[in-house]
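J.: Below: sequence and its predicted model.
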Amino acid sequence: MKKLTVLLFAAMLFAGCMMDKPTVKNYRRVVKMDNLTPVTVEQLRQIISADTTHYKVVVLTSSCCGFCIMSMRDVYPRKMAECDSSQVRWYFVEKSYSTAQYMDKVFKSYHIEEPRYWINDTLPQYRPLMMKSMWSVVWNVIFHYGESLEESGYDVADNYLNNVVNAIAPQPQLITGPNGIPTTVMLDPQGRMKCTYVIDEFGNTTFEPTDIRNINVPVTELDYTKVDTLSYAPQICSPDGQCN
């Protein structure tokens, strides 16, 4: 009975999510949308590097990601309003064609009118999440829950977001995070990225583009020559009140 319940739940889950998967049907649908601009990662790098007079905010996002939608609603309009549009240019980039078809609806809901791009790249390091076999995925979700994406029947580039960020805005030090979306890349007119060392709860450190959700000043007032540190590691305090 338990397995039957899980099976029914999985069937409903996949029925609702199939339109969000990188399928040939979705790809053809997005290609026909004239208001969306497909770009390779190299083309995106060229677009960004060609602009040497503005601050740039590149948002790698997904129209079916909850945190991305929350940022569309609560963060980006507010950060846009802090700076004159003549100073800062925004680039919204859907990380996969699987969800790009929903960009118009989401952007219209939150009154964001900036140009919309989606990554259309065949190089293996920029390969989007691709379902190799729907039935293989369903089977693994039910019987082998918790496995990696590759083990569960998906095909995806290793370190996809890291690869994209390092390619579109090369810096002296390689980015080793982030691990999810939305990812924001903030650059000054000279192409310097605002970066942060992020220490997780286990003490591991990654070098990441600073998340725009973590700043409390306008984009134009950031110090792009300074690397900040953000720690989620718990503090250990001695009896005399000294904490690490």
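T.: That came through, no problem.

J.: in the chain, which spans are strands?
T.: 36-39, 55-61, 88-94, 116-119, 130-131, 154-155, 183-187, 195-199, 205-209, 228-231 (DSSP state E).

J.: what packs against the last one?
T.: Strand 228-231 sits against strand 195-199, with contacts defined as 3 or more CB pairs under 8 Å, 6 or more residues apart in numbering; DSSP states H and E. Bear in mind the C-beta positions are built from the backbone N, C-alpha and C, glycine included.

J.: how about the strand it packs on: buried residues?
T.: Cys195, Thr196, Val198 (16 or more other CB atoms under 10 Å).

J.: Contacts only, for the residue nearest in space to the middle of the chain.
T.: In the chain, the residue lying closest to the centroid (CA atoms, centre = their mean) is Ile181, at 3.1 Å. For Ile181, the contact set (CB atoms under 8 Å, 6 or more residues apart in numbering) comprises Leu60, Thr61, Ser62, Cys65, Phe67, Cys68, Lys95, Leu161.

J.: Closest one of those to Thr52?
T.: Thr52 lies nearest to Leu60 out of the contacts of Ile181, by CB to CB, at 21.8 Å.

J.: got the contact list for the closest one?
T.: Applying CB under 8 Å, 6+ apart to Leu60 gives the contacts Val93, Lys95, Leu161, Val164, Val165, Ile181, Pro182, Thr183, Thr184, Val185.

J.: Can you check the pLDDT for it?
T.: According to the prediction, Leu60 has pLDDT 96.

J.: which non-adjacent residue is nearest it?
T.: Distance criterion CB to CB, 6 or more residues apart in numbering; nearest residue to Leu60, sequence neighbours excluded, is Thr183 at 4.3 Å.

J.: could the strands of the chain be laid out in TSV, adding distance to Phe107?
T.: Output for these, formatted as TSV (distance: least, CB to CB, whole Å):
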stretch	distance to Phe107
strand 36-39	10
strand 55-61	10
strand 88-94	7
strand 116-119	7
strand 130-131	25
strand 154-155	27
strand 183-187	16
strand 195-199	27
strand 205-209	22
strand 228-231	29
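
J.: Quick one: closest of the ones you listed to Leu222.
T.: With CB to CB as the measure, strand 183-187 is the member of those nearest Leu222 (6.7 Å).

J.: tell me the angle of the closest one relative to strand 205-209?
T.: Using axes from the mean of the first three to the mean of the last three CA atoms, to 10 degrees, the inter-axis angle of strand 183-187 relative to strand 205-209 is 70 degrees.
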